[in-house]
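[1] The following comprises the amino acid sequence and a computationally predicted model.
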Amino acid sequence: MRNLFLSVAAAVGFISLSIVPAHGALTYAVGQTYGKTERLPQISALAAGKDDFLAVASMDKIFIYDPAKGESVRNFDTGMKGITAVAVDGQTIYVFSRRTEAKEIQANGRKYTLEVPLEALCKTFTWEGSPIGDIKLEKLTDVINAKVLDGKIYVSDFGGTHTVRSFDAKTGKSLKSYGKDLRLCCGILDFAVDPKTSDVLIANLGAFRLERYSSGGYLRSSFGKRGQQPTDFQGCCNPVSAAVLPDGNLVVAEKDPSRVKVYSSNGQMLFAFSDLQELVKGCNRVSVAVDSKGRVYLGANTSEHFVLQYVPKT
C-alpha cells in the first residue's frame, strides 16, 4: 500500500492513527455526536434503520436519532431489563435481552454470586415503538450481538456454543452455526453479515483475525495478525467488532487503545479514522453500525456514553 504511515498523539482520551490513502480513495471525517444531550447511562447496541435513522439501545430503552441533526426524535421503553442487542429489518426493530438466575459459586476459598443466563429473550417492535410480539429462539440462552437479514436472525451465542448462530425470524427455529475453534475472550463475540453474499464475518479476537464464513457455514477466508504496525491488530486480543460498508469494504474496530480502520474485503488496509476518542475502557466490545450512505457509528462507553459518527468523503 502506498503512502502508509502511523502517527500516535499522546493526548488524554485521544488516539491518532492515520494513513494517507491512495489518490481518489474514500476517506472519513468526524460528523455528528449523538446521545450527550440525553446523558445515556450505557450504550449496549446500535443499528441503522428506516431512512438511515439510528437506533441506539441504552439500558431498557431504544432511542431513535436523526442522522442529519444528531438529535433524538423519540424513545420508547422496551420493558426488557438490560438490552443486550438490537437489530433492524425494514421497519421492524428486534430487541434482545436475557432471563437470568442467581447462582452461587466458590473460587479460591471465597463465595461469589453470579447472574447466570437461562434464556435469550427477543421482542419485536414497529419502527414507531409499538410492541409486535415475542420470538422464542430455539435452545438459546443468551445473545450479545444480533443482525437480521433476509428472514434470518443472526446472534452471538457466547454463553452456549461459542459460535454465531442463525434462526428463522418467524418461527425461531435454529438454522446454522458459524465459527469453528474461535479463540474468544473478555466475553466478546462480535460479527457482521455481508448483505450481498450473506457471508458472516466474525471477529476472532484471540487469534487476531477477521474470519469470513459462507452462508453454508464454511470458512472462506481470513486476514490479520498480531503486531504494532498500522495494518496489524494490537493489544491482548483484537479486533472486537466489524461492519460491512455499502461498497463491500469492512470497518474493523479495536479496543485498548481504540483503533478503527477500513479494510478491503480481502484484508488490505485502506484507511484509519483519525482523532478517535477512546471508545471503551479495558476489555469491552465496541458497538459499530453503518447505514446505506456509508456513514459509520461508534458507541463510546467511557466517562461519557455517546455515539460518534464518521462521514465518508471522496
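    Arrived safely, thanks for sending.

[2] what bridges to the residue lying closest to residue 80 once chain neighbours are set aside?
    The shortest distance from residue 80 to any non-neighbouring residue, by CB to CB, 6 or more residues apart in numbering, is to residue 97 (4.0 Å). C-beta coordinates here come from the backbone N, C-alpha and C atoms, glycine included. Assessed by DSSP bridges, residue 97 has beta-bridge partners residue 121.

[3] I'd say residue 97 and residue 83 touch.
    Yes: using CB atoms under 8 Å, residue 97 makes contact with residue 83 at a distance of 5.6 Å.

[4] Run a quick neighbour tally on the residue nearest to residue 80.
    24 (other CB atoms under 10 Å).

[5] Report pLDDT for it.
    Per-residue confidence (pLDDT) for residue 97: 95.

[6] can you tell me which helix or strand the residue found closest to residue 234 once you drop the neighbours it is linked to in the chain belongs to?
    Leaving aside its chain neighbours, residue 234 sits nearest to residue 228 (5.9 Å; criterion: CB to CB, 6+ apart). Under the criterion DSSP states H and E, no helix or strand holds residue 228.

[7] picking up where we left off before, mind checking how far the residue nearest to residue 80 is from residue 48?
    Distance from residue 97 to residue 48, counting by CB to CB, to the nearest Å: 21 Å.

[8] Kindly report the same for residue 306.
    Taking CB to CB as the criterion, residue 306 is separated from residue 48 by 17 Å.

[9] wait, residue 242 sits on residue 254?
    No: here residue 242 does not reach residue 254: they are 10.5 Å apart, not a contact under CB under 8 Å.

[10] Those two: which is more packed in?
    More crowded of residue 242 and residue 254, by other CB under 10 Å: residue 254, with 25 against 21.

[11] quick one, what contacts the more buried one?
    233-235, 238-240, 260-261, 286 (CB atoms under 8 Å, 6 or more residues apart in numbering).

[12] Those residues in strands, which ones?
    Secondary structure from DSSP state E places 260-261 of the contacts of residue 254 in strands.

[13] Between the contacts of residue 254, which sits nearest residue 202?
    Proximity of the contacts of residue 254 to residue 202 (CB to CB) peaks at residue 239, which lies at 10.1 Å.

[14] how near is the closest one to residue 184?
    Going from residue 239 to residue 184 by CB to CB gives 12 Å.

[15] which neighbours do those two share?
    Counting by CB under 8 Å, 6+ apart, the residues touching both residue 239 and residue 184 are residue 205.

[16] And those two? Which one has more around it.
    Neighbour count, other CB under 10 Å: between residue 239 and residue 184, residue 239 has more, with 28 against 20.

[17] Do I have it right that that one meets residue 206?
    No: applying CB under 8 Å as the test, residue 239 and residue 206 come out as separate, 10.9 Å apart.

[18] what's across from the residue nearest to residue 231 when sequence neighbours are not counted in the sheet?
    Of all residues not flanking residue 231 in the chain, residue 269 sits nearest, at 4.5 Å (CB to CB, 6+ apart). Per DSSP bridges, the residues bridged to residue 269 are residue 263.

[19] and residue 257, how many neighbours?
    A count of neighbours around residue 257, defined by other CB under 10 Å, yields 14.

[20] Going forward, the N-terminal residue is numbered 360.
    That works, and once the first residue is 360, the last one we named lands at residue 616.

[21] Wasn't it part of a strand?
    No: per DSSP: H, G, I helix; E, B strand; the rest coil, residue 616 lies outside any strand segment and is coil.

[22] Hmm, it is touching residue 637, no?
    Yes: counting by CB under 8 Å, residue 616 touches residue 637, with 6.5 Å between them.
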